[in-house]
Each structure stands twice: as C-alpha cells, then as structure tokens.
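Chemist: Generate coordinates for the sequence data below:
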Amino acid sequence: MTKPVFSAGNRWNAGCCKRLLSALVAVFISALPLAAEEIPAQTPASKEQVEKLLSRRAEHFKGVESLRDRRTAFRSFMESLPEPTRIQIRHVDADGVEAELMWPARLHHPIGRRAILFIHGGGFYSGSIRTHSLLAGSLAKAASSDVLLIEYRRTPEYSYPAQVNDALSAYRYLLEEGYSNGNIIILGDGAGGNLALEAVLRQMRSRQPLPAAVVALSPITDLSASGASVAANGENDPVLDKHVLEALRKAYLGNGSATDPDISPLYADLSGFPPLLLQVGSGETLLDDTLRFADKASKAGVDVTAEVWPGMPHQWQLFPSLLEDADKAGQKIAEFAIAHFADPPAVGP
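Modeler: Take a look at the predicted model:
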C-alpha cells in the first residue's frame with residue numbers, strides 16, 4: 001500500500017493535508033462535467049441531522065472489531081429504522097440470486113417496463129436487502145420504476161468472483177424477463193458500486209447489451225487503496241475508515257491482484273462505458289476512488305456526472321426522510337434515471 005504523503009513527523013500536519021486535499025478536489029471537480037446545479041454548502045440543519053444519525057449508528061458499533069461483527073451491527077442499525085412504505089414487493093429468484101422486486105403501490109404503475117438493478121454496499125461482507133430497502137423503495141417511487149434489490153453472496157463465506165457473478169446474473173435475469181437494456185439502470189453503493197461497474201465492464205467485454213446508465217455511490221474503484229483521500233480522510237471517516245478498508249480489501253482480494261481491472265475498475269479500459277452518475281461525500285475515505293474514476297471515465301469519452309456533497313458521510317443516501325441531503329441525493333439519482341430510460345415515465349412522481 002502506498003504510504004501516506006503526510007505523517008506526524010512531517011512538516012505538514014493532518015490539518016494541512018486535509019486543507020490541501022480540499023483545494024485539490026475543488027480544482028479537480030471544476031474540470032469535470034458536474035451536474036448542471038452545483039451541490040450547495042451543507043446547511044446547519046443538515047449538519048445536525050448527520051451528527052444525530054452518526055451518534056445513533058455509533059451506539060450499534062460499540063466494541064465491534066471483526067468484519068462479521070460489523071455485519072451484525074450494520075444490520076441491527078438499519079433494522080432500527082423504518083421500512084419503506086407505499087411499495088409492492090415480490091420475492092424472486094434472479095437466476096439463482098435471491099432478490100426482491102419492488103415497485104410503487106400505484107394502481108396504474110407499469111410493472112415490467114423499466115427497472116433499476118440495485119446492488120447493495122457493505123464492503124463485500126455486509127449489507128442485505130433489508131439494509132438497503134429504504135433507499136430502494138424511495139427510488140422506485142421517485143423514478144416511477146421497478147427496483148430489483150439483490151442478495152448477492154458475501155465474503156468470507158464466498159470469495160471473489162462470486163459477488164460479480166451474482167450482479168451480472170441479476171442484470172441478465174432482467175433482460176430475460178423482458179426488460180429492454182435501454183430501460184435498465186444499474187446502481188450500487190460502496191462495494192456495490194464496484195460490483196455495478198465490474199458487471200458492466202464484463203458485459204462490454206462480451207459485447208452484450210449494456211444498461212442505459214450506471215449510478216455509483218462512493219464506489220470502491222481501487223482495491224490497492226492508493227488514493228490520496230485514504231491518507232487524508234481515512235483516520236476520521238466515521239463510517240469507513242482506512243483500517244476497515246484494509247480489512248475488507250484483504251478479505252475480498254484473496255489471491256487476486258488489487259490492480260487487476262476485473263477487481264478494481266479504476267484500472268479498466270472505460271471506452272464505451274454507459275452514461276455515469278457518481279456521488280461521494282467530501283470527507284470520505286473513498287473520495288479519491290470516485291474522483292479518479294470520474295476523471296478516467298471522462299477522458300475515455302464517457303458521459304460523466306460527478307457530485308461531491310459537502311459534509312456527507314459514506315452511505316448517506318440510505319437515509320431518506322432522516323437526512324435532507326439523502327432526499328436531495330435520491331431525487332438527483334431518480335432524475336438521472338428518468339433522463340436515461342429509453343421509455344421514461346409519462347408523468348413525474
């Protein structure tokens with residue numbers, strides 16, 4: 001792993017490092033094709049909401065050390081939150097992958113027309129249908145779309161490439177069920193973002209139909225953890241610090257190479273990749289994973305929208321109705337999906 005540029009023994013301290021990284025991020029994103037509306041500064045109300053949520057989360061993670069314990073803590077935390085409302089749910093077998101198909105509980109919702117394939121995050125070892133159902137249900141309503149939320153195999157019980165195989169099987173299941181590829185958006189957060197990107201890259205290599213677009217929320221794009229933000233933000237990220245990142249990458253990699261493009265999409269050829277929306281919090285360990293991937297995709301001619309959200313922690317989008325910025329981020333995701341569906345909904349949500 002690359003050693004941090006700034007250490008306690010250097011003339012630069014951590015505060016200087018973070019300020020420099022923030023300045024570099026500002027310059028970097030100014031060169032990217034960001035969303036038409038710039039993400040505004042975090043409001044005091046938003047900051048208070050985030051602090052309250054993180055405090056609540058910390059209660060569930062007290063004394064947690066192993067990845068297995070973190071899995072249990074994350075599930076416990078998310079189960080303490082409300083379940084989605086005003087949606088219909090059907091349990092399905094997506095070519096061997098357990099999944100739930102969700103759609104808005106509306107009399108005339110056209111089920112089977114358009115879909116979002118949702119690949120949940122959780123470091124490859126954690127997360128589930130339950131932990132991500134609130135966001136999935138919210139997106140189904142906001143995008144007037146079916147959402148297929150999958151329960152892919154996780155580490156350590158199953159090693160790479162089981163996770164990517166499951167993600168790709170779920171996408172091909174939607175095609176087999178009659179969804180047009182032009183009406184499918186693939187979405188993932190964190191590790192799920194990695195799997196979403198890798199599944200599409202596999203489709204590209206096999207010259208098979210690609211989804212209309214991809215949404216990756218704070219994706220893990222570089223398993224070598226070489227990004228500058230791993231050093232600058234990795235000690236203070238309250239959700240995914242560099243020590244947890246190190247543990248999960250070791251568990252996922254096994255004997256694989258961290259710079260293998262089949263594992264770390266940052267090292268892949270992105271020419272021909274579908275339109276892409278990226279969202280990341282400004283203080284995340286994975287900030288650089290997102291920005292470097294956006295830069296590489298843009299240089300490869302990909303239609304990229306990259307959003308850096310001030311003050312947002314990793315996975316903030318999972319908490320619609322609890323965080324005002326989760327609601328805003330979810331709306332941007334829904335608008336992006338609607339704009340890229342070949343058959344967009346006739347009437348907005």
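Chemist: Please confirm that residue 271 is located within a strand.
Modeler: No - counting by DSSP: H, G, I helix; E, B strand; the rest coil, one finds residue 271 to be coil, located in no strand.
Chemist: Report how many residues lie close to it.
Modeler: For residue 271, the neighbour count with other CB atoms under 10 Å is 11. In short, each C-beta sits where N, CA and C put it, glycine included.
Chemist: And for it, nearest residue in space, chain neighbours not counted?
Modeler: residue 300 (4.8 Å; CB to CB, 6 or more residues apart in numbering).
Chemist: Next: residue 101.
Modeler: Leaving aside its chain neighbours, residue 101 sits nearest to residue 90 (4.6 Å; criterion: CB to CB, 6+ apart).
Chemist: what does the helix or strand harbouring the one you found contact?
Modeler: Taking DSSP states H and E as the criterion, residue 90 maps to strand 87-94. Residues external to strand 87-94 that are found in contact with it (CB atoms under 8 Å, 6 or more residues apart in numbering): 98-105, 137, 140-141, 148, 150, 169-170, 173-174.
Chemist: after that strand comes which helix or strand?
Modeler: Using DSSP H and E, the helix or strand that directly follows strand 87-94 along the chain is strand 97-104.
Chemist: can you give me the mean pLDDT across that following strand?
Modeler: Strand 97-104 shows a mean pLDDT of 98.
Chemist: Can you name the residues in contact with that strand?
Modeler: With CB under 8 Å, 6+ apart as the criterion, strand 97-104 contacts 84, 86-93, 109, 111, 129, 133, 136-137, 140-141, 144-152, 166, 169-170, 173, 349.
Chemist: So which of these are in helices?
Modeler: 129, 133, 136-137, 140-141, 166, 169-170, 173 (DSSP state H).
Chemist: and of the residues you listed, the nearest to residue 308?
Modeler: Closest approach to residue 308 among the ones in helices among the contacts of strand 97-104 (CB to CB): residue 136, at 23.9 Å.
Chemist: Surely that closest one is in contact with residue 149?
Modeler: Yes - with contact defined as CB atoms under 8 Å, residue 136 reaches residue 149; the gap is 4.5 Å.
Chemist: Out of the two, name the residue with the larger neighbour count.
Modeler: residue 149 (28 against 22).
Chemist: Dig out what that one forms beta bridges with.
Modeler: Taking DSSP bridges as the rule, residue 149 bridges to residue 100, residue 118.
Chemist: Contact partners for it?
Modeler: By CB under 8 Å, 6+ apart, the neighbours of residue 149 are 99-100, 102, 118, 120, 129, 132-133, 136.
Chemist: Now distance to residue 63 too, for these, in CSV please.
Modeler: CSV is the format used below for the contacts of residue 149 (distance: CB to CB, whole Å):
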residue, distance to residue 63
99, 33
100, 32
102, 34
118, 31
120, 25
129, 27
132, 25
133, 27
136, 30
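Chemist: what about residue 295, which SS state?
Modeler: Under three-state DSSP, residue 295 comes out as helix.
Chemist: gap between it and residue 276?
Modeler: Computed as CB to CB, to the nearest Å, the residue 295 to residue 276 distance reads 12 Å.
Chemist: Just want to know which of these two has more residues nearby.
Modeler: More crowded of residue 295 and residue 276, by other CB under 10 Å: residue 276, with 23 against 17.
Chemist: circling back: isn't the residue nearest to residue 271 up against residue 274?
Modeler: No - the criterion here is CB under 8 Å, and residue 300 misses it with residue 274 at 11.9 Å.
Chemist: Perfect, I'm done here.
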